[in-house]
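Participant: what would the 3D arrangement of this be:
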Amino acid sequence: MVTAQAPGGPTSTADSSDPPALVVDMSAPLLLEEPVATRAGTSGAKNQACLVCHGNYASEQLALIHAKVDVTCSTCHGESVAHKNDENNTTPPEAMFARDAIEAFCKRCHEAHEIKAEMIRKAVEKGAIKMGDGEPVCTDCHGEHRMKVRTVIWDKKTGQLLQTNRGE
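Facilitator: Next up is the predicted model:
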């Protein structure tokens with residue numbers, strides 16, 4: 001922990017325009033020394049490279065739940081090294097999921113869904129669930145696992161760059 005104190009201590013008569021002296025509490029851990037695994041919304045250091053650009057997922061429900069059981073961004077989206085290293089942001093991640101592929105992918109780990117379709121339909125009708133077009137998919141109810149603002153759009157099946165909105 002770092003605190004500021006007037007030069008010469010609290011009773012100093014130093015000019016008020018002088019910046020306060022820096023006092024470092026050497027018993028407090030430095031933020032850089034904080035164990036990465038304890039930071040909110042991460043699964044160790046594994047998600048850190050992703051959260052540089054996708055910081056909204058640090059507190060997103062689906063990402064948090066998965067991080068608790070060490071399911072990271074790369075577990076579902078691949079290591080995506082080229083995507084992470086692309087400063088132009090035109091290289092897609094290794095794996096993306098079109099709406100019609102989401103349920104099948106989720107079922108690789110979550111074989112059964114414990115809520116009946118009728119309950120989902122009623123929740124949609126009441127406005128409790130906002131779903132996309134067509135039949136409901138896992139991410140309609142479980143988290144906001146979509147980018148709210150996109151600077152690029154890829155075809156999620158082919159990875160082809162469709163649109164860039166970066167003001168170039």
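Participant: going forward, measure contacts and count neighbours with C-alpha atoms only.
Facilitator: Noted.
Participant: His145 versus the residue positioned nearest the centre of the chain, what's the distance?
Facilitator: Centroid check for the chain by CA atoms, centre = their mean gives Tyr57 as the closest residue, at 1.6 Å. In this view, Tyr57 and His145 are 8 Å apart by CA to CA, to the nearest Å.
Participant: okay, the residue lying closest to Val137 once chain neighbours are set aside: pLDDT?
Facilitator: Spatial nearest neighbour of Val137, excluding adjacent residues (CA to CA, 6 or more residues apart in numbering): Glu103 at 5.8 Å. On pLDDT, Glu103 comes in at 88.
Participant: quick one: distance of the helix or strand containing Glu103 to the chain centre.
Facilitator: Using DSSP states H and E, Glu103 falls within helix 99-106. Relative to its chain's centre, helix 99-106 lies at 20 Å (CA atoms, centre = their mean, to the nearest Å).
Participant: can you check stretch 156-168 too?
Facilitator: 20 Å.
Participant: flag every buried residue along that stretch.
Facilitator: 156, 159 (16 or more other CA atoms under 10 Å).
Participant: got the contact list for that stretch?
Facilitator: Identification of contacts with stretch 156-168 by CA atoms under 8 Å, 6 or more residues apart in numbering yields 90-92, 96-98, 150-155.
Participant: switch to 10 Å and redo it
Facilitator: Stretch 156-168 is contacted by residues 88-101, 149-155 when judged by CA atoms under 10 Å, 6 or more residues apart in numbering.
Participant: please enumerate the helices of the chain.
Facilitator: Ranges of helices in the chain, per DSSP state H, are 48-51, 61-68, 73-77, 81-84, 99-106, 117-126, 138-141.
Participant: helices or strands next to the longest one in the packing?
Facilitator: When you say that, I think you mean helix 117-126. With contacts defined as 3 or more CA pairs under 10 Å, 6 or more residues apart in numbering; DSSP states H and E, helix 117-126 has these neighbours: helix 138-141.
Participant: please consider this matter closed, and thank you.
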